[in-house]
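S.K.: need the 3D shape of this:
(2 chains)
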Amino acid sequence: MGSFQARLRAFWMRLSIRGRRQDDFDAELESHLAMHIEDGTRAGLSPEEARRQALIRLGGAEQTRQMMRERGTMPWIEELLQDARFGLRMMMRNRSFSVVAILTLAIGIGASATVFTWINAVLLQPLGGVADPSRVITLESVTPGGDMVPNSYPDFIDFRDDLKLFDGIALTRPNAFTIGMEDHAERVWGELVSGNFFSVLGVKAEAGRVFLSAEFADAPGKFPIVVISDRYWRSHFGANPSIVGKTLRVNQHELTIVGVAAPEFHGSLPVLGYDLWVPYMEQSVLNGVPEWMLRNRQNRNMLGIARLKQGVTIDQARTELQGLAKRMALAHADVSEGMSATVLPLWKSPFGAQGQLVGPLRILGAVCILVLLIVCANVANLQLARATVRESEFCARLALGARRMRIVRQVLTETLMLTLAGAVLGVAATPWLGQALHYLRPPGMALPTMMDTRPNFAVLGFATALCIFAAVAAGLAPALQVGRLNLSSRMSGGGRSGATGSRNRVRKALVACEVALALVALVGAALFARSFQSTLRIDPGFDPNHVLLNQFYLNTNGYSLQQRKEFCLRLAERMSAAPGVTGVGYSDGVPLGFEPSWWEDLRIEGYSPQPAENMKIFRNVISPGYLPLMHIPILEGRNFTEQDNESDKAPLVMIVNQAFVRRFFAGRDPVGKTVHGWGNWFRIVGVAKDSKYHYLSESTPPYFYVPFRQVYREDMNLGFYVRSQGDPGSVLSTLRAQVKSIDPNVTVYDPVALKEFMGASLYPQKVAASLMAVLGGLAVLLAAVGLYSVMAYWVAQRTQEIGVRMALGAQPRDVLRMVVWQGLSLAGGGMVAGAALAFAFSRTVSTLSFTGGAMGTSVSLMGSSATDPLIYLAAAVFLCILSAAAAYLPARRAASIDPMKALRTE
Amino acid sequence: MGGKTDVWQGTLALMILKTLQMMGPQHGYGLARRIEQTSGDLLELNYGTLYPALLKLEQEGYVRSRWGSSENNRKAKFYELTKAGEKQVRKAAAEWEQTTDILARFLAPNAEA
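M.R.: From the prediction side, this is the model:
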């Protein structure tokens, strides 16, 4: 009986004081009895009998009153409020205690919630605005060697048309666009997508529409349309809905804006934010990419996104896909022999930021839990110390008839209030803490990152769970201690009861745990810092100092291939002549950069590959000035010249690295040998010294260079380098001026020192090392505070004992030694446990890696230093010193005890 | 509170509401007597349970109360039905009728056999 509304109303009435007042109940019962008695006497009963009858029928006045009281209010909530009010008073009375506890809790919970925000944004809900994201997966092609690579457009058509277990398969390729012209030109990142992109992702339009199924058609240049992001719509068009149907000048071509994507949607790659979506087949118009290239099965540069049919598992889908890929590999054996394909959950995709962030985030998550545990131990410790101070208060309450549970609940309520306050503070700080990841962003990465670091429901839920966990973890020990309070011994005993001893044991155990956890955090931080340092010391094999890098997107200026080559030549000529410039070069790929590296299927004269041997070899397309500019020596043969050009008379040439020679020519001189790629035979004219190409920590792969003028194609990038005598920034204004004088439409968007740009390849390690250092420091600090508080308390408790010792002739020095020794032995126990834990932890961590752009290769986050005994030793020594210092302060107080005073207070 | 009391509380609430609907504003004692009378004295009400039930109904917004004086000029608290209460009586009565109806169908054949 009763609707939900009625129940809610009743609940509210009972909560509020307005429920009903006690004297009101009494008056009502009084009136009831009076009326009943009156009726009784009228029926002839004596007043006494009438009263007796009335009370019987009522079922007892006091019982009724109690029933009404219980109905009138909510007893448990009332008690909770009482506890909370009392707790608040206690918190206000002990301000310093409360502030320390709340702040440490805020740090612990805030750090954990921040890392969870990142994990949530990168791994758990990577794509905003996507319908039913659990069914969205990525699709990758797999080389015969097992490496994951993007897909080609013809492969996509086969996948799309022949697979039954998918609701759809779409393609995307991130791409830079130029919007507007001349001075108003702006570089914007977007995606070239298959027509069904939005329907596969289930992204809705906020205004206008997304692509129609008619526009899914595979017709180059037929759909000059674009969908823009909500962010771009707001920043550039003031969220004006009439923009739909207007045109936007993209890469010097007019595209019609058909719609604005839903606000949560920021593209198909986690963390990154894109602003434009253009049909893939518009590339022939926008980027001047010839149609045959789009339809080339070997042109694997498209990321695949698939949506599983309802109820289909990823394994079933993979089996079907692999079956099809096998048939396709046979049907197109000339270009796809041995190729396969696979599907993966989004967060496992080797492309995009998540591959780089998964490893570091996992470790950070683990370390945050460590810090939170230390915080809990600290707060538990503080609570225990306070419980001792408040023992007489608790005993008084017990003696007055309070239930033990009530007092235990009181302690838990107080802890919960502390953690709640800490959680509120911590969560409030997460948006700021969340920005920390942006500070560590590689400077050369031009792509805007989109990470929603505002607390959302998932994060709030997580923080609430943390808060309750912390309250239980930090409150349990003190609450149990209180629950075991021995009333009689306490009331009579005065000072040293058995409970105190066991409480001290608990506190010591807690501190030992803290030290153990701090050692784990410290060792972790040191291991990361060390491996980061040693990576930094690796010689990249080229000289990135004094080199300015700028990436041009000339296709977005409507340049043809020939115009792009001419632009480069002219700019190189002019820059070489500029004062202070010592070298100029340009290339397709930038070494140690953020973008994926490309490769070519090679056949090599005199080398017969094993079946399924990976003959996809990484390459760079370079100008003659590139190798000298990078200070990469030519060991044999010659460098490229401007005569190695596109004319029919010039033979195709190639320079290979030493690893290439070792693998394919068994170390013999390769100059003069021929290699087949891009449908032609190239002659090797030189051998360049090995250098680092994708990661500083990589083992050098076979690598080759081909001349820019012979191989450069429409879909390649363009990095332009200028080496200067001094600071690379010094030639920037010259570069800008020269670029402008060649073509005012071309803009130098993000010039960066090559040295800084290389940081991109170190990004995951940098994130892991810096944040680990911060958290490790925090953990150590917290543990020191914990140790200090226990030792200070220990000294305070033993004032009399120390007084006796000193009265019996102990020197202050002895006392000092005793206390410090006590502190060290406490810390020592923790350290032994911590070392074992740290060892296990680092073993796990050293297996973690991040995946990068080079065919999804994984790179270990932490070199081989996981078991370096020096680090353990250094961390332990550092902690020992810190423990000694933490114990020294209370020890000094102990040593300065005046025995007379101490004994007098007995 | 066990299942039995719940059922009892449910029916008691309906009895209270229905009685208030028939008689208009009434104090607790009067309500109790009236319920007993209506039941043909088959029901012996524990008056103590009446007041928490009234309180609950008031909290739910089905009745409201005010102090007034009884026919014998005694100070007493009077309860009367609210608009929500009127609606609730109709609804609960319909539900109850349906329930008894269904139960009657179960019991009827047995009675004939």
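
S.K.: tally of neighbours for residue A:899?
M.R.: 17 (other Cβ atoms under 10 Å in any protein chain shown). Every residue, glycine included, has its C-beta placed from N, CA and C.

S.K.: quick one: residues contacting it.
M.R.: Shown in contact with residue A:899 (Cβ atoms under 8 Å, 6 or more residues apart in numbering or on different chains): A:803, A:804, A:806, A:807.

S.K.: quick one: residues contacting the first one.
M.R.: With contact set as Cβ under 8 Å, 6+ apart, residue A:803 has these partners: A:897, A:898, A:899, A:900, A:901, A:902, A:903.

S.K.: so the last one touches residue A:807, yeah?
M.R.: Yes - look at residue A:903 against residue A:807 with Cβ atoms under 8 Å: they come within range, at 6.5 Å.

S.K.: out of the two, which sits in the busier spot?
M.R.: Using other Cβ under 10 Å as the criterion, residue A:903 and residue A:807 rank with residue A:903 on top: 15 against 12.

S.K.: how far away is that one from residue A:897?
M.R.: 10 Å (Cβ to Cβ, to the nearest Å).

S.K.: next: residue B:73.
M.R.: 80 Å.

S.K.: higher neighbour count, the two?
M.R.: Remark: of residue B:73 and residue A:897, residue A:897 carries more neighbours, 21 against 7, as counted by other Cβ under 10 Å.

S.K.: confirm that one sits in a strand?
M.R.: No - under DSSP: H, G, I helix; E, B strand; the rest coil, residue A:897 falls outside any strand and is assigned coil.

S.K.: got a list of what it touches?
M.R.: Taking Cβ under 8 Å, 6+ apart as the test, what residue A:897 contacts is A:799, A:802, A:803, A:806, A:815.

S.K.: mark which of the residues you listed are buried, thanks.
M.R.: The neighbour-count criterion (16 or more other Cβ atoms under 10 Å in any protein chain shown) marks A:799, A:802, A:803, A:806, A:815 among those as buried.

S.K.: the strands in the stretch 701-850 of chain A, which residues?
M.R.: For the stretch 701-850 of chain A, the strands defined by DSSP state E, counting those that start in this stretch cover A:703-707, A:718-724, A:752-753, A:849-851.

S.K.: over to chain B?
M.R.: B:26-27, B:63-69, B:75-81 (DSSP state E).

S.K.: now do the stretch 51-200 of chain A
M.R.: Going by DSSP E, counting those that start in this stretch, the stretch 51-200 of chain A shows strands at A:136-142, A:148-149, A:166-179, A:186-193.

S.K.: of the strands of chain B, which is nearest chain A?
M.R.: strand B:75-81 (4.7 Å; Cβ to the nearest Cβ).

S.K.: run the chain-centre distance for that closest one.
M.R.: Strand B:75-81 sits 15 Å away from the centroid of its parent chain (Cα atoms, centre = their mean, to the nearest Å).

S.K.: that strand: which residues count as buried?
M.R.: B:76, B:77, B:78, B:79, B:81.

S.K.: and of these, the nearest to residue A:661?
M.R.: residue B:81 (99.3 Å; Cβ to Cβ).

S.K.: and the closest one, how far from residue A:49?
M.R.: From residue B:81 to residue A:49 the distance is 36 Å (Cβ to Cβ).

S.K.: report pLDDT for residue 75.
M.R.: Picked chain A for this. With respect to pLDDT, residue A:75 has a value of 66.

S.K.: oops, chain B please
M.R.: The model's pLDDT for residue B:75 equals 86.

S.K.: so where's chain B uncertain?
M.R.: B:1-10, B:109-113 (pLDDT under 70).

S.K.: would you mark the buried spots in the longest helix anywhere in it?
M.R.: The longest helix of chain B (DSSP state H) is helix B:83-112. By neighbour count on 16+ other Cβ under 10 Å, the buried set for helix B:83-112 is B:84, B:85, B:88, B:89, B:92.

S.K.: can you lay out those residues as JSON lines showing distance to chain A?
M.R.: Below are the buried residues of helix B:83-112 laid out as JSON lines (distance: Cβ to the nearest Cβ, whole Å):
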{"residue": "B:84", "distance to chain A": "7"}
{"residue": "B:85", "distance to chain A": "10"}
{"residue": "B:88", "distance to chain A": "8"}
{"residue": "B:89", "distance to chain A": "11"}
{"residue": "B:92", "distance to chain A": "6"}
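
S.K.: mind giving me a markdown table with the strands of the stretch 701-850 of chain A and columns for distance to chain B?
M.R.: Below are these laid out as a markdown table (distance: least, Cβ to the nearest Cβ, whole Å):
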| stretch | distance to chain B |
| --- | --- |
| strand A:703-707 | 79 |
| strand A:718-724 | 74 |
| strand A:752-753 | 68 |
| strand A:849-851 | 59 |
